[in-house]
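Asks: Quick one, fold the following:
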Amino acid sequence: MLAVSDDVPLLDDLMPWSVAPLRLGRDWVRAPDERTLRSRWDRLLRSEPAERERLFGPTRSRTLHSAVAALPGQATGTGPLAQERGACPDPVRVQHGPFDAQWLIPDQRLIDAARPELWRVADAQQLFALEQGPGARAGGPALTVSALLPDGHCPAGRPGRIRPLHRRPGGLEPNLAPGLLPFLTTAYGSEVTAHDALAWAVAAARPSAAGCEVPLPEDPQLWFAGVELGRRMTALMTRGARDGDKPRLPGGRRPYVRAAIPASPTELRYDAGEETLHVGEGGRVSPVPPEAWEFQVGGERMLELWFRRRTEPAEPDTLAAVGPARWPQEWTSDLLELITVLALLAELRPRQAELTVGPMLGRARLTAAGVLPVPSGARRPASVFDHREEGPGGQFALV
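Replies: Here you go, the predicted structure:
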């Protein structure tokens, strides 16, 4: 039998600390390639004061005269941008939405709400869980994972929350309801780690009107199977960032560029009969499994969305309109990797459906065990006192 929905715990119960998505305030601070961001920064700083203000795009949160703290771990200026003369801060790789790795200028003077608490815990041990927002159209995984710092963008509907796996740098203090891991360890007769809990959630989560549901099985064997599946899905979603193994399709099924992608492609088409992706006039990639082409999140095909973000024209004479003159080679590599990830994830979907059948450990059991309700402190970020951060004007802040 299926678990009763009202008794199914939510991800919000299991991973209580969450952070709202980033709010950039200006779209030109993020781009699919690093060189574009440096070109945009250079143009901004070469401009006269009035033109610099227009290009910057002031908001209530940020103007050229804002003086704000540097983001944790980032070496950027903290004085007003109106007086800035230095080189572009080194762009960092971020996750834009569920499956799109892009670049961001990590300067808090440019970003309306950069969520410093996320940057504070973003390191080589961290993983971020991203849920589809309430009201997002059905389709695709309810929960995705990123090793990159995510911006929390949702392809459709209201953005969901970002939930780090660890509350402190160095993989310390799991962001799980206090008592959850001992409860699961007892229930399944074997030690359950934070990574196990996240893996199960990735494999078994499902959307609902109340939020992202995570049914917990009574059957230990079902739990172990789900954890194994979730670890495989996590490795695919993070592109092997933690285990070092890049996703690969079996020989003969790996996508290749059969005809060069043109300098400025404007159209993406798919031929299901030939399993070929047509990129612009003459560009061809194959084989591309139908499951990769049809892979959707929130009602959006991920391949189409990825291509559109790189080829849609921006408003003329803006910083967002500054971009590469030709299709960069690294975009082709990213496209081939994305096709591979989507195809392999699609192959795992039938196994996900097997995880929510049978008796479940519901909210009532978690409440009786003292795991729920979650104490309010677990929903707040942990204080970090082991390093200093530069505040506005070069002062240092204790956080």
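
Asks: Walk me through the domains of this protein.
Replies: Residue ranges for the domains of the chain, per automatic domain parsing: 5-236+357-397, 256-354.

Asks: And the strands in the stretch 151-300 of the chain?
Replies: For the stretch 151-300 of the chain, the strands defined by DSSP state E, counting those that start in this stretch occupy 162-164, 166-168, 172-174, 206-208, 211-213, 256-259, 268-271, 276-279, 283-286, 296-297, 300-301.

Asks: show me what contacts Pro89?
Replies: Contact analysis of Pro89 by Cβ atoms under 8 Å, 6 or more residues apart in numbering lists Gln74, Ala75, Thr76, Gly77, Ile105, Pro106, Asp107. (Each C-beta comes from the backbone N, C-alpha and C, glycine too.)

Asks: Helices of the stretch 1-150 of the chain, residue ranges please.
Replies: 11-14, 34-46, 49-56, 116-121 (DSSP state H, counting those that start in this stretch).

Asks: wait, Leu335 sits on Trp306?
Replies: Yes: counting by Cβ atoms under 8 Å, Trp306 is a contact partner of Leu335 at 7.2 Å.

Asks: any idea which helix or strand comes after the helix of greatest length in the chain?
Replies: In terms of residue count, the longest helix belonging to the chain (DSSP state H) is helix 329-352. Sequence-wise, the next helix or strand downstream of helix 329-352 (DSSP states H and E) is helix 363-368.

Asks: From the contact counts, what lies against that following helix?
Replies: On a contact count with 3 or more Cβ pairs under 8 Å, 6 or more residues apart in numbering; DSSP states H and E, helix 363-368 meets no helix or strand.

Asks: Mean confidence (pLDDT) on it, please.
Replies: The pLDDT scores in helix 363-368 average 96.

Asks: Now intersect the contacts of Pro89 with the strands, please.
Replies: Within the contacts of Pro89, no residue falls in strands by DSSP state E.

Asks: Is it possible to get a markdown table of those residues that adds distance to Leu198, neighbour count and pLDDT?
Replies: Shown next, in a markdown table, are the contacts of Pro89 (distance: Cβ to Cβ, whole Å; neighbours: other Cβ atoms under 10 Å; pLDDT from 0 to 100):
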| residue | distance to Leu198 | neighbour count | pLDDT |
| --- | --- | --- | --- |
| Gln74 | 26 | 18 | 95 |
| Ala75 | 31 | 10 | 90 |
| Thr76 | 31 | 20 | 93 |
| Gly77 | 36 | 20 | 92 |
| Ile105 | 30 | 24 | 98 |
| Pro106 | 25 | 23 | 98 |
| Asp107 | 31 | 22 | 98 |
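
Asks: For Val92, state which of these is nearest.
Replies: When the contacts of Pro89 are ranked by distance to Val92 (Cβ to Cβ), Pro106 comes first, at 4.9 Å.

Asks: Please report phi then psi for the closest one.
Replies: When read as degrees, to the nearest 10, the backbone of Pro106 gives phi -90, psi 50.

Asks: now the closest residue in space to it that isn't next to it in sequence: how far from Asp12?
Replies: Closest residue in space to Pro106, ignoring its immediate chain neighbours: Gln74 at 4.4 Å, by Cβ to Cβ, 6 or more residues apart in numbering. Using Cβ to Cβ, to the nearest Å, Gln74 is found at 29 Å from Asp12.

Asks: does Leu372 really touch Leu10, like I thought?
Replies: No: with contact defined as Cβ under 8 Å, Leu372 does not count as touching Leu10 (10.2 Å).

Asks: Show me the contact partners of stretch 24-40.
Replies: Here stretch 24-40 has contacts from 56-57, 59, 61-62, 88, 91, 94, 96, 100, 102-105, 107, 110-113, 151, 309-310, 318-320, 322-324, 328, 330-331, 334, using Cβ under 8 Å, 6+ apart.

Asks: Narrow those residues to those that are buried.
Replies: For the contacts of stretch 24-40, a neighbour count by 16 or more other Cβ atoms under 10 Å gives the buried set as 56-57, 62, 88, 91, 94, 96, 100, 102-105, 107, 110-111, 151, 310, 319-320, 322-324, 328, 331, 334.

Asks: pretty sure Leu198 is touching Val145, no?
Replies: Yes: judged on Cβ under 8 Å, Leu198 makes contact with Val145 at a distance of 7.1 Å.

Asks: residues shared between the contacts of the two?
Replies: Common contacts of Leu198 and Val145, defined by Cβ under 8 Å, 6+ apart, comprise Leu127, Ala129, Thr234.

Asks: Run a quick check on the second one versus Pro174, I expect a contact.
Replies: No: taking contact to mean Cβ under 8 Å, the distance of 11.9 Å between Ala129 and Pro174 leaves them out of contact.

Asks: right, and out of the contacts of Pro89, which lies closest to Ala203?
Replies: Of all those, Ala203 sits closest to Pro106, with 32.1 Å by Cβ to Cβ.

Asks: my guess is Glu131 meets Arg158, correct?
Replies: No: Glu131 is beyond contact range of Arg158, at 11.1 Å (criterion: Cβ under 8 Å).

Asks: Those two - which one has more neighbours?
Replies: Glu131 (28 against 11; other Cβ atoms under 10 Å).

Asks: Pull the contacting residues for the more buried one.
Replies: Leu11, Ala142, Leu143, Gly160, Arg161, Arg163, Ala205, Gly211, Cys212.

Asks: One more: Leu361?
Replies: Neighbour list for Leu361: Ala187, Leu216, Pro217, Glu218 [criterion: Cβ under 8 Å, 6+ apart].

Asks: Which pLDDT value goes with the spatially most distant residue from the centre of the chain?
Replies: No residue in the chain sits farther from the centre than Glu48, which is 36.3 Å out by Cα atoms, centre = their mean. Model confidence at Glu48, given as pLDDT, is 97.
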